[in-house]
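Q: Provided below are the primary sequence and the corresponding predicted coordinates.
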Amino acid sequence: MAKNILDLDFSRLAVGTVQFGLPYGVANRTGQPSFKQVCEILACAVEHGATTLETAAAYGESESVLGRALCEIGAQDRVTIVSKVRHLKTMAQEHTPENIERWIRDSVVSSLERLGIDRLPVCLFHNTIDVAHMEVLLALKGEGLVQHVGVSVITPDQMEMVLSTPGVEAIQVAMSLLDQRIQRSGDLARAADAGLAVFVRSIYLQGLLLMPQAEIDPVLHQVVPARQALQGIAGDAGLTMSEMALRYGLSLPGVTSVLTGVETVEQMEANAKIAARGPLPPEVVEAIEGVVPDLSDTIILTPWLWPGAM
């Protein structure tokens with residue numbers, strides 16, 4: 001068992017699998033892939049070395065599909081899985097310490113059964129507020145049901161809370177060309193200095209960075225000037241927006257893996273080829289960080305507030 005989380009074999013490009021269990025994302029045009037397509041996507045991911053897989057109990061059928069597909073292609077021992085406990089806010093029972101402990105334990109055990117594994121390499125809480133119950137995850141770690149524990153965060157305030165919580169070993173954080181809050185706060189560097197694994201998600205901001213401008217909901221039109229400025233930088237650098245977005249995540253110091261959700265083999269192959277090109281040139285990163293305004297007071301960075309959000 002790896003004593004330090006960074007001793008685990010995390011790939012720089014990680015595969016987000018929410019699409020395997022749900023039709024997800026504002027720019028999703030292909031829907032939920034079939035089981036056969038999931039097997040093909042995972043085989044492609046493993047072939048290209050993208051062997052860190054992110055899932056969650058709340059992602060519909062994702063864990064079950066993932067477990068079956070990995071068995072089907074014989075790749076159970078070639079991947080590192082990161083999953084999440086079911087949302088505590090969905091508990092119907094009274095939130096007593098005993099009920100919370102039972103809920104978390106049942107969630108982890110059920111995830112292991114669906115995934116077809118004996119121990120979860122990384123287990124995260126969905127919500128920062130749930131770090132108040134980190135001792136439950138640490139107890140499950142002591143029992144060998146999970147290997148390393150952490151939490152998903154969004155804002156610098158949440159990062160501050162998590163970085164001061166004993167036992168946290170991993171952080172999943174939303175970051176993108178448009179969402180630079182954690183980078184600008186200095187907390188990304190602090191997490192790296194503390195030896196935490198940092199998984200960056202939402203690099204395309206659920207597709208808002210890539211979808212045609214004409215398809216952007218009027219409520220989100222405040223994003224258009226920043227998008228246009230970024231498109232100008234990409235054009236000058238000879239990059240597509242998707243390449244610039246992914247490689248920007250790989251350029252951030254302290255980032256362990258960058259998650260990208262995929263619905264097709266073609267997307268998986270394209271992402272793998274982009275990731276193989278590595279970080280962006282420093283001058284491109286500087287240009288990006290110089291043109292994006294602070295959008296924290298808008299709904300641009302809060303997809304659950306967007307029209308039609310799940």
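A: Structure's in. What do you need?
Q: so what touches the strand or helix carrying Ala192?
A: With elements taken from DSSP states H and E, the one containing Ala192 is helix 187-193. If you take C-beta atoms under 8 Å, 6 or more residues apart in numbering as the criterion, helix 187-193 is touched by 156, 159-160, 163, 171, 173, 175, 182, 198, 252-255. C-beta: built from backbone N, CA, C; applies to glycine.
Q: backbone dihedrals for Val122, please?
A: In this entry, Val122 is assigned phi and psi values of phi -140, psi 130 (degrees, to the nearest 10).
Q: tell me, how many neighbours does the nearest residue to it once chain neighbours are set aside end up with?
A: With sequence-adjacent residues excluded and distances taken as C-beta to C-beta, 6 or more residues apart in numbering, Val122 is closest to Val82, at 4.2 Å. Other residues near Val82 come to 27 when the count uses other C-beta atoms under 10 Å.
Q: tell me the contacts of Val82?
A: Contact partners of Val82, counting by C-beta under 8 Å, 6+ apart, are 14, 52-55, 121-124, 170, 172, 199.
Q: and those residues, which two are furthest apart?
A: Taking C-beta to C-beta, the two most distant members of the contacts of Val82 are Ala14 and Cys123; they sit 15.4 Å apart.
Q: buried only: go through the contacts of helix 187-193 for me.
A: When neighbours are counted using 16 or more other C-beta atoms under 10 Å, those contain these buried positions: 156, 159, 163, 171, 173, 175, 182, 198, 252, 254-255.
Q: of those, just say which sits nearest to Glu283.
A: Checking those against Glu283 with C-beta to C-beta, the nearest one is Leu252 at 15.6 Å.
Q: shouldn't that closest one be in contact with Val200?
A: Yes: Leu252 is within contact range of Val200, at 7.0 Å (criterion: C-beta atoms under 8 Å).
Q: quick one: the strands in the stretch 1-150 of the chain?
A: Counting by DSSP state E, counting those that start in this stretch, the stretch 1-150 of the chain forms strands over residues 13-16, 52-54, 80-84, 120-125, 146-153, given from the N-terminal end onward.
Q: so who does the nearest residue to Gly49 once chain neighbours are set aside touch?
A: Residue nearest to Gly49 in three dimensions, not counting chain neighbours: Ser11, with 5.6 Å by C-beta to C-beta, 6+ apart. Contacts for Ser11 were tallied using C-beta under 8 Å, 6+ apart; they are 49-52, 80, 257.
Q: for the buried ones among those, write the corresponding ChimeraX selection.
A: Here is the ChimeraX command that selects the buried residues among those (16+ other C-beta under 10 Å):
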select :50,51,52,80,257
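Q: any chance of the contacts of Ser11 in CSV, plus distance to Pro23?
A: Formatted as CSV, the contacts of Ser11 follow (distance: C-beta to C-beta, whole Å):
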residue, distance to Pro23
Gly49, 28
Ala50, 22
Thr51, 25
Thr52, 23
Thr80, 26
Ser257, 24
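Q: reformat the contacts of Ser11 into JSON lines and put distance to Ala276 and pLDDT next to each item.
A: Shown next, in JSON lines, are the contacts of Ser11 (distance: C-beta to C-beta, whole Å; pLDDT from 0 to 100):
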{"residue": "Gly49", "distance to Ala276": "9", "pLDDT": "98"}
{"residue": "Ala50", "distance to Ala276": "10", "pLDDT": "98"}
{"residue": "Thr51", "distance to Ala276": "14", "pLDDT": "98"}
{"residue": "Thr52", "distance to Ala276": "15", "pLDDT": "98"}
{"residue": "Thr80", "distance to Ala276": "19", "pLDDT": "98"}
{"residue": "Ser257", "distance to Ala276": "14", "pLDDT": "98"}
